[in-house]
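Novice: Provided below for reference: sequence and predicted model.
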Amino acid sequence: AQTVTQSQPEMSVQEAETVTLSCTYDTSESDYYLFWYKQPPSRQMILVIRQEAYKQQNATENRFSVNFQKAAKSFSLKISDSQLGDAAMYFCAYRSARAGNNRKLIWGLGTSLAVNP
Amino acid sequence: DAGITQSPRHKVTETGTPVTLRCHQTENHRYMYWYRQDPGHGLRLIHYSYGVKDTDKGEVSDGYSVSRSKTEDFLLTLESATSSQTSVYFCAISGPPGELFFGEGSRLTVL
């Protein structure tokens, strides 16, 4: 069975600095998707970034980028120029691309990110 | 933003009473999910649906039932609420390529 591990329960960063959140996963499959979700204090779950395993290029969305290391099964999120609004819980998630898995996501337990002014 | 609404957003009830949470989508997506979120446990899947009247259990389905009589509505029912079911409940729909879009959550307190 697939698992997702976020080894950093809490992290902090100074405003305008860069921070990297780690995520590792375990799977025997070769085709899958990886996601980072953000959950601010408002509780709303927001998709930050998505990576398809068959794509070698790392996904980027504005100040958010990933370092996807398929062989190492690592999927870290880098936040550049951190802003106060980035303070949130961040969840890493995995989804098999295999047909018939009902699109279920496997979730990490989250990393709570504090941004210090 | 994906059109997902949950109701009620907040509910306080007593042990032993039935509770129904509603999830309504306007996106016509086939897949819908109910999760609960608790400190230290992250998001755990309760039940999901892959079509009208097609549902299946997730990892924490005991004490919960679901129904989906229309594409747009997915109901989660606690037949007899217990204090262990105090949680925040999220509904989600799956769009291509399988990423989830979430509702705003429903906070349930069982006294």
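Specialist: Thanks, I have the structure now.
Novice: CA only for contacts and neighbour counts going forward, please
Specialist: OK.
Novice: centre-most residue in chain A?
Specialist: A:Trp36 (3.1 Å; CA atoms, centre = their mean).
Novice: report pLDDT for the residue nearest to that residue when sequence neighbours are not counted.
Specialist: For A:Trp36, ignoring the flanking residues on the chain, the nearest one in space by CA to CA, 6 or more residues apart in numbering or on different chains is A:Cys92 at 4.6 Å. A:Cys92 carries a pLDDT value of 97.
Novice: the residue nearest to the centre of chain A touches A:Thr60, doesn't it?
Specialist: No. Using CA atoms under 8 Å, A:Trp36 makes no contact with A:Thr60, being 11.6 Å away.
Novice: tell me, what's touching those two both at once?
Specialist: Common contact partners of A:Trp36 and A:Thr60 (CA atoms under 8 Å, 6 or more residues apart in numbering or on different chains): A:Ile49.
Novice: where does A:Asn102 land in three-state SS?
Specialist: Taking DSSP: H, G, I helix; E, B strand; the rest coil as the rule, one finds A:Asn102 in the coil state.
Novice: and it, what's its pLDDT?
Specialist: 70.
Novice: ok, the nearest residue to it once chain neighbours are set aside - contacts?
Specialist: In this structure, A:Asn102 finds its nearest non-sequential neighbour in B:Tyr50, 7.0 Å apart by CA to CA, 6+ apart. Residues in contact with B:Tyr50 (CA under 8 Å, 6+ apart) are A:Asn102, B:Arg30, B:Tyr31, B:Met32.
Novice: same thing with A:Thr18?
Specialist: A:Lys78, A:Ile79, A:Ser80, A:Asp81, A:Ser82.
Novice: return the members of those residues classed as buried.
Specialist: A:Lys78, A:Ile79, A:Ser80, A:Ser82 (16 or more other CA atoms under 10 Å in any protein chain shown).
Novice: in the sheet, who's paired with the first one?
Specialist: What that stands for is A:Lys78. A:Thr20, A:Ser65 (DSSP bridges).
Novice: so what strands line up beside the least confident helix or strand in chain A by mean pLDDT?
Specialist: Within chain A, no helix or strand scores below strand A:60-61, which has a mean of 87 by mean pLDDT, DSSP states H and E. Strand pairing for strand A:60-61, using DSSP bridges, gives strand A:64-69 (antiparallel).
Novice: low-confidence regions, chain B specifically.
Specialist: Low-confidence segments of chain B (pLDDT under 70): B:1-2, B:96.
Novice: bridge partners for whatever residue of chain B ends up closest to chain A, pull those for me.
Specialist: Going by CA to the nearest CA, chain A is nearest to B:Gly42 of chain B, at 4.6 Å. Taking DSSP bridges as the rule, B:Gly42 bridges to B:Asp38.
Novice: look up the closest residue to residue 37, ignoring the ones flanking it.
Specialist: In the absence of a named chain, this looks at chain A. Nearest one to A:Tyr37, counting by CA to CA, 6+ apart, is A:Leu47 at 4.5 Å.
Novice: oops, wrong one, chain B.
Specialist: Counting by CA to CA, 6+ apart, the residue nearest B:Gln37 is B:Leu43, at 4.7 Å.
Novice: is the nearest residue to A:Met89 once chain neighbours are set aside in a helix, a strand, or coil?
Specialist: Spatially, and ignoring its direct neighbours in sequence, A:Met89 is nearest to A:Ser112 (4.3 Å; CA to CA, 6+ apart). With three-state DSSP as the basis, A:Ser112 sits in strand.
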